[in-house]
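Engineer: pasting the sequence and the predicted coordinates here, then a few questions.
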Amino acid sequence: MLVRRRTDGLLLSLAGVAFPLYFPLPVAIAAFFALCGVYVTFSSRRRLARQIVSPYAAVWIYCAWSLLLIAWRGEIALGNRQLGFMLLLFGATFIGQGLCLVRRPLRMLVIGTRIGSLLAFAVALGLDLYYWHDLSRYSGGGNAAIVAILILLGAVVSSIDIDRPPRFLANGVHYLALSSFPIFLTETRAVLILVPVIFLAEFIFWSLRWPPRIRNRSYAALILGLVLLLLAPPVQQMIFHRFLSVYDYYVGGVETLDMASGDIRLTMWRSAVTVISQHPFTGVGLMDMFSLMKTVAGDKAGLIDGFKHVHNFVLQELLANGVVGLVLLLSIPAVFLAAIWKHAPDQSIKRVALYFYGSVAAFGLLHDPYYHELCLSTSMLFFGTCLIQLRRWNLLTASAVKRV
């Protein structure tokens, strides 16, 4: 225990460094803290009772509903992805208790994500210079879309203000600005839209601390910078290739453009809506989902052959667990944000919590972050770290300073 008091915080920071770089290490770190948390939670009735009445209960209820449907369908098998992810999600609810030996857990996570964000920028810049703009979508060795959302989440967490930050890891919005470069290289539409919105919001909040003259000049510089950025040829090419081409293809009727990904998504979504209308309350589960969708798709079934998810978390959840499952899933971030809004002493934490789960939800409308090990582990590490930090602050006296 004495050794772990020194190492657990570093381990949490290491997870923050790793996930913007698309390293799988946070999955193992999350599993370690979850196992420790199981021991701590069940070591006394008082701790278990506190866990039951905390925001973790929303996750437990959701997992219980999903597991009940899996058992009812007779789909308890090793090959069932839904079963595996529900067990993983349930286990991740103990991460917060596993961080009991970390004195300032949220601070350690923020420092880690700041280092990870800077390294992600350096890696993307190095690859771009090495290939000299011949680099295709930056994927970090895996899925470009998942890399984009993980980099954004790292930059978002980095935006939390910490007390007396390290010299070269100062508070500020520059982590969001630097992270926009690797995200730009991934060409992920769902994340490219989010980056400027979050950056502008944070920039405005930060500028409120400055004198009026500096604030007005910063706004003018920001507008000029955005105009110059939009005039840059690589940015214009990306906007046409990833955004305007979609409009030209589906509205303008330009059939020479390659919109295979869009056709696949539309086929999935139309088929999913038909299947959901037949099983609205309990869904059909993930094992039979695509076989039923391909039956509905008819001659377009070949477009969706080989996929594991429908690239939309709302439809995916309705297919997996029905309307009840979707309501329970949405209640998890709702309960978490309510706890943050009630107990967090710093406004930056409240904003970041909203950015974090808002980004995950927006990204999930075109992708599926909930059935990806690294996304799930990252989300629950942030979830558990924030809740255990709130617990630390709630134990302090009213006159004590609550610092990150």
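Structural biologist: Done, it's in. Numbering: from 1, shown residues only.
Engineer: which residue is nearest the centroid of this structure?
Structural biologist: Residue closest to the average C-alpha location in the chain (CA atoms, centre = their mean): residue 360, at 4.3 Å.
Engineer: isn't that one right up against residue 379?
Structural biologist: Yes - between residue 360 and residue 379 a contact is recorded at 6.4 Å, counting by CB atoms under 8 Å. Glycine gets a C-beta too; all of them are placed from N, C-alpha and C.
Engineer: name the residues contacting each of those two.
Structural biologist: 153, 369 (CB atoms under 8 Å, 6 or more residues apart in numbering).
Engineer: residue boundaries of the helices in the stretch 251-400 of the chain?
Structural biologist: 260-278, 289-297, 313-343, 347-364, 373-394 (DSSP state H, counting those that start in this stretch).
Engineer: for the first one, list the C-alpha coordinates in CSV.
Structural biologist: By that I understand helix 260-278. The C-alpha coordinates for helix 260-278 follow below in CSV (Å, rounded to 0.1, in the frame of the first residue of the first chain):
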residue,chain,number,x,y,z
ALA,A,260,-19.7,4.3,-50.5
SER,A,261,-19.5,5.0,-46.7
GLY,A,262,-22.6,7.2,-47.0
ASP,A,263,-24.5,4.5,-48.9
ILE,A,264,-23.5,1.9,-46.4
ARG,A,265,-24.7,4.0,-43.5
LEU,A,266,-28.0,4.9,-45.1
THR,A,267,-28.7,1.2,-45.8
MET,A,268,-27.8,0.3,-42.2
TRP,A,269,-30.0,3.0,-40.8
ARG,A,270,-33.0,2.3,-43.0
SER,A,271,-32.8,-1.4,-42.2
ALA,A,272,-32.3,-0.8,-38.5
VAL,A,273,-35.4,1.4,-38.3
THR,A,274,-37.5,-1.3,-39.9
VAL,A,275,-36.2,-4.0,-37.4
ILE,A,276,-36.6,-1.6,-34.5
SER,A,277,-40.2,-1.0,-35.4
GLN,A,278,-40.9,-4.7,-35.1
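Engineer: ok, the closest residue in space to residue 394 that isn't next to it in sequence - how many residues close by?
Structural biologist: In this structure, residue 394 finds its nearest non-sequential neighbour in residue 343, 6.4 Å apart by CB to CB, 6 or more residues apart in numbering. Residues lying near residue 343 (other CB atoms under 10 Å) number 16.
Engineer: measure residue 343 to residue 54 for me?
Structural biologist: Going from residue 343 to residue 54 by CB to CB, to the nearest Å gives 11 Å.
Engineer: ditto for residue 398
Structural biologist: Taking CB to CB, one finds residue 398 at 22 Å from residue 54.
Engineer: who's more crowded, the two?
Structural biologist: residue 54 (20 against 4).
Engineer: ok, that one touching residue 388?
Structural biologist: No - contact status for residue 54 versus residue 388: not in contact, 10.2 Å apart, counting by CB under 8 Å.
Engineer: what residues are up against residue 384?
Structural biologist: So residue 384 contacts 33, 37, 92, 93, 94, 95, 96, 97, 98, 99 (CB under 8 Å, 6+ apart).
Engineer: where does the residue of the chain most remote from its centre fall, secondary structure wise?
Structural biologist: Distance from the C-alpha centroid of the chain peaks at residue 213, with 36.7 Å (CA atoms, centre = their mean). Under the criterion of DSSP states H and E, residue 213 resides in helix 212-231.
Engineer: now the helix or strand following that helix: mean pLDDT?
Structural biologist: Going down the chain from helix 212-231, the next helix or strand is helix 233-239, by DSSP H and E. Averaging pLDDT along helix 233-239 gives 80.
Engineer: any idea of the mean pLDDT in the helix or strand following helix 233-239?
Structural biologist: Next in sequence after helix 233-239, counting helices and strands by DSSP H and E, comes helix 245-250. Regarding helix 245-250, the rounded mean pLDDT is 71.
Engineer: over to stretch 205-220?
Structural biologist: 88.
Engineer: same question for stretch 392-404.
Structural biologist: Per-residue pLDDT over stretch 392-404 has a mean of 82.
Engineer: got the buried residues for that stretch?
Structural biologist: Within stretch 392-404, the residues that count as buried by 16 or more other CB atoms under 10 Å are 392, 393, 404.
Engineer: and the helix or strand that contains residue 14, what does it pack onto?
Structural biologist: Per DSSP H and E, residue 14 falls inside helix 2-18. Helix 2-18 sits against helix 25-41, helix 105-131, helix 373-394, with contacts defined as 3 or more CB pairs under 8 Å, 6 or more residues apart in numbering; DSSP states H and E.
Engineer: for residue 174, which of those is the nearest?
Structural biologist: Nearest of the helices and strands packed on helix 2-18 to residue 174, taken as CB to CB: helix 105-131 at 9.2 Å.
Engineer: show me what that closest one is packed against.
Structural biologist: Secondary-structure packing of helix 105-131 (3+ CB pairs under 8 Å, 6+ apart): helix 2-18, helix 144-158, helix 174-186, helix 373-394.
Engineer: of those helices, which is nearest residue 206?
Structural biologist: helix 174-186 (10.2 Å).
Engineer: and the closest one, how far from the chain's centre?
Structural biologist: The chain centroid and the centroid of helix 174-186 are separated by 16 Å under CA atoms, centre = their mean, to the nearest Å.
Engineer: that one to helix 212-231, inter-axis angle?
Structural biologist: Relative orientation of helix 174-186 and helix 212-231, computed by axes from the mean of the first three to the mean of the last three CA atoms, to 10 degrees: 10 degrees.
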